[in-house]
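Asker: here you go, sequence then predicted model.
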Amino acid sequence: MNRVNAELNPLAAELNQTLRQQAPVVTRVMSELGKKLYYPKGILTQSAEAKQKATRFNATIGEARELHHSMGLEAITRHLCDLDPDQALPYAPSAGRADLRAAWLEEIKAKNPSLGDTPVSLPVVTSGITHGLSTVADMFVDEGDLLFLPDQVWGNYRLIFGVKRGARVGSYPLYDANGGFDLRGLSEIIHKHSRVGKLVLLFNFPNNPTGYSITPAEADGIRDILLEGATRQECDIVAICDDAYFGLFYGDEVLKESLFTRLAALHPRILAIKLDGASKEDYAWGLRVGFITYGVAGGSGAYEALEKKTGGCIRGTISNSPNLSQALVLRAMGDGDYRAQKAEKFAVLARRAAKVREILAEPRFDEVWKMYPFNSGYFLCVRMNELNAEEYRVKLLNDYGVGVISTSSTDIRVAISCVDEVDLADLFDVMLACALEMKAG
């Protein structure tokens with residue numbers, strides 16, 4: 001055993017050895033914290049064993065039970081309706097309920113048919129996608145690592161990866177001159193920085209804040225660029241796919257699958273990580289149910305070790321995600337009307353997107369802003385013409401009673417997801433009036 005492993009818990013050393021043998025890239029890109037992580041065999045493992053074999057008495061878990069069921073207050077349990085308290089009140093495993101993990105994997109495969117028989121890990125349950133991102137950052141980002149985000153970006157990435165983990169955060173351009181994904185810009189970034197030996201790249205489609213999703217051809221282009229970085233430039237790549245808004249694709253030209261499908265078995269130097277969840281896909285934001293799924297070419301033998309390290313990271317932070325939330329999501333997925341209800345809600349958002357495109361195509365808006373190309377998700381983004389976006393946001397809120405988000409000194413994000421279709425024309429009329437007042441001085 002080498003010196004590094006000699007300083008580790010034996011369980012961590014054993015997992016590291018598995019990763020080194022089955023998927024060497026994982027060991028190379030894993031953070032120092034990630035290498036130290038393990039899933040403890042103490043209370044958790046012993047409790048799991050007792051749950052299977054303790055046929056007389058189970059005195060292992062830190063829960064209260066009464067008459068062989070979870071002890072609960074009626075003030076809480078009476079609101080569970082037809083959900084059994086035994087399915088809601090006990091702790092869930094740190095990596096999530098086994099039944100939910102298996103069901104979500106089947107959902108991933110159904111929604112991403114080109115994934116085919118590509119081996120991927122069993123999804124690990126997180127308390128929302130933000131928690132999933134933080135877990136990934138803990139496991140794969142060390143201080144000084146290079147992380148590249150799109151230049152149109154959700155600000156929390158910088159807090160998660162930059163502030164908390166000390167990554168050197170750079171950006172690649174989202175749009176090219178024609179309003180499509182900037183493949184050349186991404187290629188130049190990887191070519192310029194691949195000599196460091198490890199790059200972390202984050203992709204977010206549908207994009208927050210712009211609502212842009214890539215086409216199949218653009219997805220193929222990203223795949224080819226990463227493949228070149230891994231082969232010709234011999235760079236290890238962690239490709240993070242934040243699929244928070246997955247499925248909300250409104251244009252016929254849009255890739256209807258995750259970029260993860262192009263990357264999960266692309267090359268042994270590329271670790272693909274998919275983050276998704278029920279928050280947006282199932283319109284259940286406050287339930288905080290997310291998932292982490294891994295893919296690496298030829299690395300299927302490493303997945304169990306990766307899942308254990310991920311579970312250990314969760315055990316050492318929040319212990320586990322709420323069983324109640326997991327039970328509700330699983331129950332919903334098994335409902336006969338689940339897909340029809342999702343299709344109904346999708347249609348509502350798709351009509352709003354179509355209405356917005358119709359409204360903002362009117363020339364009268366050209367004087368005050370230019371809309372970034374958008375075809376998916378919850379948001380659209382406009383670039384203000386000769387107006388400071390933050391000053392505009394404040395005036396729009398204080399004088400007109402309309403709330404939007406300024407994402408930079410030039411850009412305004414509008415969440416069409418929370419404005420009814422009948423109100424959209426009025427919303428943009430008010431926004432236009434405010435901008436014109438500011439331009440008039």
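Answerer: Yep, that arrived. Residues are numbered from 1 along each chain as shown.
Asker: pop out the phi and psi values for Ser376.
Answerer: phi -170, psi 170 (degrees, to the nearest 10).
Asker: could you do the one 10 residues further on as well?
Answerer: Taking degrees, to the nearest 10, you get phi 60, psi 30 for the backbone angles of Glu386.
Asker: tell me where this protein has strands.
Answerer: With DSSP state E as the criterion, the chain has strands at 65-66, 69-70, 124-126, 146-150, 168-172, 198-204, 236-242, 270-277, 290-296, 369-371, 379-384, 405-406, 411-415.
Asker: quick check: which of those is nearest to Val356?
Answerer: If you check each of these against Val356 by Cβ to Cβ, strand 379-384 wins as the nearest, at 6.3 Å. Glycine gets a C-beta too; all of them are placed from N, C-alpha and C.
Asker: what's that closest one packed up against?
Answerer: The contact analysis (3 or more Cβ pairs under 8 Å, 6 or more residues apart in numbering; DSSP states H and E) places strand 379-384 against helix 338-360, strand 369-371, strand 411-415.
Asker: and Gly441, which of the ones you listed is closest to it?
Answerer: So among the helices and strands packed on strand 379-384, strand 369-371 is nearest, using Cβ to Cβ, at 17.7 Å.
Asker: which parts of that closest one are buried?
Answerer: Buried residues in strand 369-371, counted by 16 or more other Cβ atoms under 10 Å: 369, 371.
Asker: now that strand: average pLDDT?
Answerer: Averaging pLDDT along strand 369-371 gives 97.
Asker: repeat that for stretch 292-308.
Answerer: Per-residue scores along stretch 292-308 average to 97.
Asker: any idea how far apart the tips of it sit?
Answerer: 12 Å (Cα to Cα, to the nearest Å).
Asker: buried residues in that stretch?
Answerer: 292-297, 299-300, 302-303, 305-308.
Asker: still on that earlier bit, winner for burial among the helices and strands packed on strand 379-384?
Answerer: strand 411-415 (a mean of 21; mean count of other Cβ atoms under 10 Å).
Asker: if we can go back for a sec, tabulate the buried residues of stretch 292-308 (TSV), appending distance to His68.
Answerer: Formatted as TSV, the buried residues of stretch 292-308 follow (distance: Cβ to Cβ, whole Å):
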residue	distance to His68
Ile292	34
Thr293	35
Tyr294	38
Gly295	41
Val296	43
Ala297	48
Gly299	42
Ser300	39
Ala302	39
Tyr303	35
Ala305	36
Leu306	36
Glu307	31
Lys308	30
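Asker: what is the nearest of those residues to Tyr392?
Answerer: The closest of these, once distances to Tyr392 are taken by Cβ to Cβ, is Ile292, at 37.8 Å.
Asker: quick check: the two most widely separated of the buried residues of stretch 292-308?
Answerer: That would be Ala297 and Lys308, which, of the buried residues of stretch 292-308, are the farthest apart (Cβ to Cβ) at 20.9 Å.
Asker: if we can go back for a sec, just the closest of the buried residues of stretch 292-308 to Ala361, please.
Answerer: So of the buried residues of stretch 292-308, ranked by how close each gets to Ala361 (Cβ to Cβ), first place is Thr293, at 38.5 Å.
Asker: identify the bridge partners of the closest one.
Answerer: Lys274 (DSSP bridges).
Asker: quick revisit: can you flag the weakest of the strands of the chain by average pLDDT?
Answerer: Across the strands of the chain, the lowest-scoring stretch is strand 65-66, with a mean of 76.
Asker: quick revisit: just the buried residues of stretch 292-308 now: which is nearest Phe246?
Answerer: Closest approach between these and Phe246, by Cβ to Cβ: Thr293, at 11.9 Å.
Asker: quick one: contacts for the closest one?
Answerer: 105, 108, 120-124, 260, 273-274, 276 (Cβ atoms under 8 Å, 6 or more residues apart in numbering).
Asker: Throw the helices and strands packed on strand 379-384 into a markdown table and include distance to Tyr39, thanks.
Answerer: Formatted as a markdown table, those follow (distance: least, Cβ to Cβ, whole Å):
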| stretch | distance to Tyr39 |
| --- | --- |
| helix 338-360 | 32 |
| strand 369-371 | 48 |
| strand 411-415 | 39 |
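Asker: so which of those comes closest to Gly247?
Answerer: The nearest among the helices and strands packed on strand 379-384, by Cβ to Cβ, is helix 338-360 at 7.1 Å.
Asker: list the contacts of the closest one.
Answerer: So helix 338-360 is contacted by 211, 247-248, 250, 281-283, 332, 335, 371, 374-376, 378, 380, 382, 416-417, 419-421, 424-425, 428 (Cβ under 8 Å, 6+ apart).
Asker: and if we set it to 6 Å?
Answerer: 250, 283, 332, 371, 416, 421, 424-425, 428 (Cβ atoms under 6 Å, 6 or more residues apart in numbering).
Asker: just how off-centre is it within its chain?
Answerer: Its chain's C-alpha centre lies 22 Å from the corresponding centre of helix 338-360 when counted by Cα atoms, centre = their mean, to the nearest Å.
Asker: quick one, it and strand 411-415 angle?
Answerer: 140 degrees (axes from the mean of the first three to the mean of the last three Cα atoms, to 10 degrees).
Asker: quick one: mean pLDDT over helix 338-360.
Answerer: Rounded mean pLDDT across helix 338-360 is 97.
Asker: can you check what angle separates that helix from strand 379-384?
Answerer: 20 degrees.
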